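Visitor: Here you go, sequence then predicted model.
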Amino acid sequence: ESSTDRRSPTAAAYLRYNPTTYGDEVDISWKLQLVDTRNNQTLPILTSGGLPKSNDTWSAAMTFCSPNEDLESLGRASDWGSSTWVSPQVCEALGFLQAQGTITLFGKSRTKETSFFTFPPRGAVGAVLEATTNAAQQSSHKERIFRVGEVIVPTTRTTSPKKEGTTTTTTTTTTTTPPKSSSWEESFILPGTDYRIMTMTDKDGNPIFSTASLPTEEDRRQAKLALRPCGWKLQQQMWQQRQQQQLAGTTTRTTKQPSTVEWPLEVEARLFSSSSAGNEEGSSGLRALTRFNLASAVPRLTSTFQRDAVAVIVALGIAILPIPLSLVGRNFVSLYGIPSASMEPTLVKGDVLLVEKFPRVLDRTDRGDVILFQPPSTLQDFIGSSNNGRSAIGANSLFVKRVVGLPGDTHIKMDPVTEEVAIDGIPAVGPNRN
């Protein structure tokens, strides 16, 4: 176990693929170290990525492809790495760092793997169709194919009790309550959580890229998957949940629990085996779907809410925020543009006004205020008569004017020379136009 402080700021290193032709792609695994050449020491890391675990070597596997064909949910990327090195140590060694590692090629590189103008689709689109179909068509006679780098979403699957003379029906449920199986707690695999397959081996420990390369269904069930939850925040949340469960004594297992959860965790593919759900009457098991399977949507949302309800509520609030904002804008606050020069120099053509429309506006209106109002019918008729009978204002148009007289005022006169308004012989309130 690494002694590096997990709270330290991190630095990242990435492997990038530069294809010579669009559509080129290749399946590889790699191991990467950063070496300080001053003392030939490797820099420590926070996590080793895949297996075997290491304190200084990052490992992973992925299909590297053209940028427009990458899709990290299915293990396709144009560049990939991790923020797993400690930033202060990397900064201190800048100028003396050397990247060292090994790259293993699985099979032959491919070309013309493009989603555009091909039928059936290839590239990213073809990968989506293949993965969703593969995950959805699991049966007791055919195991799901796993590929390194892809993200899987476990969901619970309940097998109906088997009756005499009938066949067993298997359905996928959207509950996130684990079935009564110790393998779930031992592996710490939770329904509705996204896990990435970092590395994979056969039953003898030999690295493989896909379980499709194994000869029999039993060999595929015995393949070993190195899983880690997607995202550093998610990993820390799950680790903290396990620690809280241990401290509170809520763990129901009788066997010894590890004091910490160190990712990745290795599980056999049989944990998601379609045949494991039917070994006993009413038994339950796991089914590994993709992010693109509709059946994984509800478990993912439920699991996210259980882990971080505050974040989900805030996200939903932001998502629906335009609805109340539009209601406020329509009923209480609006923006209006000035289309004419009738209020110059106070308001110039092209100005934009932020106008409040709260109730009892007349009770809050004072002499000298600038207000917007629906033109009375007399004014609309006057404008129409001066425009050959065609009104120059629309049904939703408003007039903007300054309030000079208020209810109860008498003897309102305008001087024909100065154009100043007086009320009861007192000049009305108005702007200083000098």
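Guide: It's in.
Visitor: what about Arg270, distance to Phe146?
Guide: Arg270 sits 11 Å away from Phe146 when distances are taken as CB to CB, to the nearest Å. Bear in mind the C-beta positions are built from the backbone N, C-alpha and C, glycine included.
Visitor: meant to ask about Gly425
Guide: With CB to CB as the criterion, Gly425 and Phe146 are 93 Å apart.
Visitor: Same check on Gly368?
Guide: Taken as CB to CB, the span from Gly368 to Phe146 is 76 Å.
Visitor: who has more neighbours, these two?
Guide: Taking neighbours as other CB atoms under 10 Å, Gly368 and Phe146 compare with Phe146 leading, 23 against 12.
Visitor: Asn55 touches Leu46, doesn't it?
Guide: No - Asn55 lies out of contact with Leu46 (CB atoms under 8 Å); the separation is 9.6 Å.
Visitor: So between these two, which is more surrounded?
Guide: Remark: of Asn55 and Leu46, Leu46 carries more neighbours, 19 against 15, as counted by other CB under 10 Å.
Visitor: residues contacting the closest residue to that one other than its chain neighbours?
Guide: Spatially, and ignoring its direct neighbours in sequence, Leu46 is nearest to Thr84 (4.9 Å; CB to CB, 6 or more residues apart in numbering). Applying CB atoms under 8 Å, 6 or more residues apart in numbering, we find Thr84 in contact with Thr10, Ala12, Ile45, Leu46, Thr47, Gly49, Trp58.
Visitor: pretty sure Thr84 belongs to a helix, no?
Guide: No - going by DSSP: H, G, I helix; E, B strand; the rest coil, the assignment for Thr84 is strand, not a helix.
Visitor: that's a helix at Asn68, yeah?
Guide: Yes - counting by three-state DSSP, Asn68 is part of a helix.
Visitor: how far away is it from Ser59?
Guide: Asn68 is 27 Å from Ser59, by CB to CB.
Visitor: same question, Asp415
Guide: To Ser59, Asp415 is 90 Å away according to CB to CB.
Visitor: Between these two, which has more neighbouring residues?
Guide: Ser59 (23 against 10).
Visitor: quick one: what helix or strand has the more buried one in it?
Guide: Assigned by DSSP states H and E, Ser59 belongs to strand 58-64.
Visitor: Dead centre of this structure: give me the residue that sits there.
Guide: The residue lying closest to the centre of the chain (CA atoms, centre = their mean) is Ala315, at 10.2 Å.
Visitor: Quick check: pLDDT value at that residue.
Guide: For Ala315, the model assigns a pLDDT of 79.
Visitor: Quick check: which helices or strands does the helix or strand where it lies pack against?
Guide: For Ala315, the host element (DSSP H and E) is helix 309-320. For helix 309-320, the elements it packs on are helix 297-307, judged by 3 or more CB pairs under 8 Å, 6 or more residues apart in numbering; DSSP states H and E.
Visitor: what sits against Tyr336?
Guide: Val352, Leu353, Val355, Leu372, Leu398, Val400.
Visitor: Thr304 contacts Asp194, correct?
Guide: No - contact between Thr304 and Asp194 fails when scored by CB under 8 Å: they sit 9.4 Å apart.
Visitor: ok, those two, which is more surrounded?
Guide: Neighbours were counted for Thr304 and for Asp194 using other CB under 10 Å; Asp194 has more, 20 against 17.
Visitor: Can you check the pLDDT for that one?
Guide: At Asp194, pLDDT is 91.
Visitor: Which of the three states applies to Gly126?
Guide: Assignment for Gly126 (three-state DSSP): helix.
Visitor: Relative to Leu71, how far out is it?
Guide: Distance from Gly126 to Leu71, by CB to CB: 11 Å.
Visitor: which outside residues touch the strand holding Ser59?
Guide: In contact with strand 58-64 (CB under 8 Å, 6+ apart) are residues 13, 15, 17, 25-33, 45, 47-52, 74-78, 80-82, 84, 106, 147-149, 198-200, 207, 209.
Visitor: Need the buried ones from those selected in ChimeraX.
Guide: Buried residues among the contacts of strand 58-64 (16 or more other CB atoms under 10 Å), as a ChimeraX selection:
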select :13,15,17,25,26,27,28,29,30,31,32,33,45,47,48,49,50,51,74,75,76,77,78,80,81,82,84,106,147,148,149,198,199,200,207,209
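Visitor: Show only the entries of the contacts of strand 58-64 found in strands.
Guide: 13, 15, 25-33, 76-77, 80-82, 84, 106, 198-200 (DSSP state E).
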